[in-house]
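1. Below: sequence and its predicted model.
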Amino acid sequence: MTKIRLTNTKSRRKEAFEPIDPLNVRLYVCGPTVYDRAHLGNGRPVVVFDVLFRLLRHVYGERHVTYVRNFTDVDDKINAAAQARKEAGDPRSLEALIRERTDETIRWYHEDMDALGALRPTHEPRATEWIGAMIAMIGDLIAKGHAYEREGHVLFRVRSYRDYGALSGRSVDDMLAGARVEVAPFKEDPMDFVLWKPSDDGLPGWESPWGRGRPGWHIECSAMSYELLGASFDIHAGGIDLQFPHHENEIAQSCCAHPEGGFARVWMHNEMLLVDGRKMSKSLGNFFTVRDLLDQGWPGEIIRMVYLGTHYGKPMDWTAEKAEQARTTLRNWAEMVEGAVPGEVRAEVVDPLSDDLNTAGALAALNDLWKRKDAAGLLASAHLLGFDLQAIRHQPWAQPFAFEEVDGRFLREGIDYQPTLSVIGWGAVADRTRETAIAILHRWLALRHVGDFETADRLKSDAMRLGVELRAHKSPTGVAGGLAKLADRVDPAALEGLL
RNA sequence: GGCGGGUUGGCGGAGAGGUUACGCAGCGGAUUGCAAAUCCGUGAAGACCGGUUCGAUUCCGGUACCCGCCUCCA
């Protein structure tokens, strides 16, 4: 069996992965707070850990992996958005406005992550549907002396958990020295964090032994992972920015409530997405959403490939150059796979993936399969990385296109025939664009024929500027032919101006 | 201030204590009115300073710089 090795943040080492139960490998990933579109940074863990999910399914079997990713749909930013709409005159209740907003955001999230080729997790619990489990866990923590109630709040007693700070490598005393901790007067200790807080009438709330209120952020992951995966499970993952305090607090809650369990064995953290060297984040405002890129015409598969080009443990930048390279690569792969039947997933692709999810290495191995013309292996192995090359082949941006004007035949450039006069592009080409390009091609060839290279070159560079590349070649009959190669977007009106 | 991570050729980005990563770009050749495309070939690296070693870019220590967390955050 394939041996998977993963870097465990807890030990800061690469460790051999041994599932607690190979018949039910359990993975929990911290999901989004659903108040807005996911930005590109939010998409990274989704794609990275989707590859992990696929790898685990590959190794242990599809039915033997359980993947949970939550939706945080109780949050002060969500409340604020709903309150703003209510104040703007919306007659509906706050709860209704919140539910509408979170439903819509979840729908967007699914659309965008589906486009990135991410499989849906086995379970996607919403925090608001597990309030009872959270209340039960909080009650248990109070009973065990790890939490206390003050003024309608319930706080976790950080000093009661000896190992607090072990995940992120800090000590409570060191952190207090930093002293950027909010100190509410009712806290026993400045490090204590909120499990439950009171809600006034203008906020959503649930009845609890401590009055009407709402849960703190960290408790939902502890409660839902316990309910769906048990007191101990295999892997807990998320962005590195969640390591502290979110994951540290989860560990404290879960290990104190269920000391027999030990919570997650392996912790994995993906590094951040950068924009101009700075972390992409909503608070800095330097973000763009996955939807923005999709709307700009970058297919999800290309975005996915750019993500996977960098190891998850390293910071990464999004650049158009990377996306263009990914597009070229995917077109190459998709073209070769025509008519191929999937073979075995190649070991040379699984091996780097098994080595701490080295997706960049796996992509290099895929490209090697392409160069060796192993279509069956490429097709199957790319699928393990979440690329459906057969489907990509049918997408407009990846389909070679040829139009043969002289005798009206429709042939594929480079596959059936080298046409004598043709327009090629990627995807459907509008009639008007094609006809204009053909007319320019005629004129260009005529100028060359009479030896007026100066005018011909000017026409060629003008056309190039508008996204039409003119080329001459010898046709199979020995007669010079012409080819107009279209960029992804060409404005036909501007092109007509050249005639 | 505390804690953690990073620094590889023009760019992106891997593995391995000693043998070509790879991709893109570049360069040379074939071809070409010029170019493009294609094919063949090819140069180029491991922040800095020490240490361990027969040998380190790969291990260890230090320095510099960059980034993240310590407040919401993937």
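-> Everything's here; your move.
2. Please make it C-alpha for all contacts and neighbour counts, starting now.
-> Fine.
3. Pull up the gap between the closest residue to A:T7 other than its chain neighbours and A:Y28, please.
-> Distance criterion CA to CA, 6 or more residues apart in numbering; nearest residue to A:T7, sequence neighbours excluded, is A:K14 at 3.9 Å. Noted for A:K14: a distance of 19 Å to A:Y28, by CA to CA, to the nearest Å.
4. neighbour-wise, which of these two wins?
-> When A:K14 and A:Y28 are compared for neighbours, A:Y28 comes out ahead with 26 against 14, by other CA atoms under 10 Å.
5. Wasn't the more buried one part of a strand?
-> Yes: with DSSP: H, G, I helix; E, B strand; the rest coil as the criterion, A:Y28 is part of a strand.
6. Contact partners for it?
-> A:Y67, A:V68, A:R69, A:S225, A:I235, A:H236, A:A237 (CA atoms under 8 Å, 6 or more residues apart in numbering).
7. roughly how far out does the helix or strand hosting the last one sit from the chain middle?
-> Following DSSP states H and E, one finds A:A237 within strand A:232-239. Offset of strand A:232-239 from its chain centre (CA atoms, centre = their mean, to the nearest Å): 17 Å.
8. Who are the packing partners of the helix or strand just after that strand?
-> Of the helices and strands lying after strand A:232-239 in sequence (DSSP H and E), the nearest is helix A:248-257. With contacts defined as 3 or more CA pairs under 8 Å, 6 or more residues apart in numbering; DSSP states H and E, helix A:248-257 has these neighbours: helix A:131-143, helix A:219-229, strand A:263-270.
9. Any chance of those in a markdown table with mean neighbour count and distance to A:K485 as columns?
-> Shown next, in a markdown table, are the helices and strands packed on helix A:248-257 (neighbours: other CA atoms under 10 Å; distance: least, CA to CA, whole Å):
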| stretch | mean neighbour count | distance to A:K485 |
| --- | --- | --- |
| helix A:131-143 | 19 | 59 |
| helix A:219-229 | 23 | 53 |
| strand A:263-270 | 22 | 40 |
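10. Of those, which is nearest A:E321?
-> strand A:263-270 (22.7 Å; CA to CA).
11. CA atoms of the closest one as PDB?
-> Extracted C-alpha coordinates of strand A:263-270, given in PDB (Å, rounded to 0.1, in the frame of the first residue of the first chain):
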ATOM      1  CA  PHE A 263      -8.700  15.000  19.200                       C
ATOM      2  CA  ALA A 264      -6.900  15.300  15.800                       C
ATOM      3  CA  ARG A 265      -3.700  13.300  15.400                       C
ATOM      4  CA  VAL A 266      -2.300  15.300  12.400                       C
ATOM      5  CA  TRP A 267      -2.600  19.000  11.900                       C
ATOM      6  CA  MET A 268      -2.000  20.400   8.500                       C
ATOM      7  CA  HIS A 269      -1.800  24.100   7.600                       C
ATOM      8  CA  ASN A 270      -1.600  25.700   4.300                       C
END
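12. Partner strands of it and their direction?
-> Strand pairing for strand A:263-270, determined by DSSP bridges: strand A:232-239 (parallel).
13. and the angle from the partner strand to helix A:248-257?
-> 170 degrees (axes from the mean of the first three to the mean of the last three CA atoms, to 10 degrees).
14. quick one: is strand A:232-239 near RNA strand B?
-> Yes: Strand A:232-239 reaches RNA strand B (CA under 7 Å from any atom of the strand) through A:G238, A:G239.
15. Need the residues that contact that strand.
-> Applying CA under 8 Å, 6+ apart, the external contacts of strand A:232-239 come out as A:19-20, A:25-31, A:45, A:49, A:226, A:261-272.
16. separation between A:A84 and RNA strand B?
-> The gap separating A:A84 from RNA strand B is 18 Å, by CA to the nearest atom of the strand, to the nearest Å.
17. Just the pLDDT at the closest residue to A:S171 other than its chain neighbours, thanks.
-> Once flanking residues are discounted, A:S171 sits nearest to A:G165: 5.4 Å by CA to CA, 6+ apart. pLDDT, A:G165: 88.
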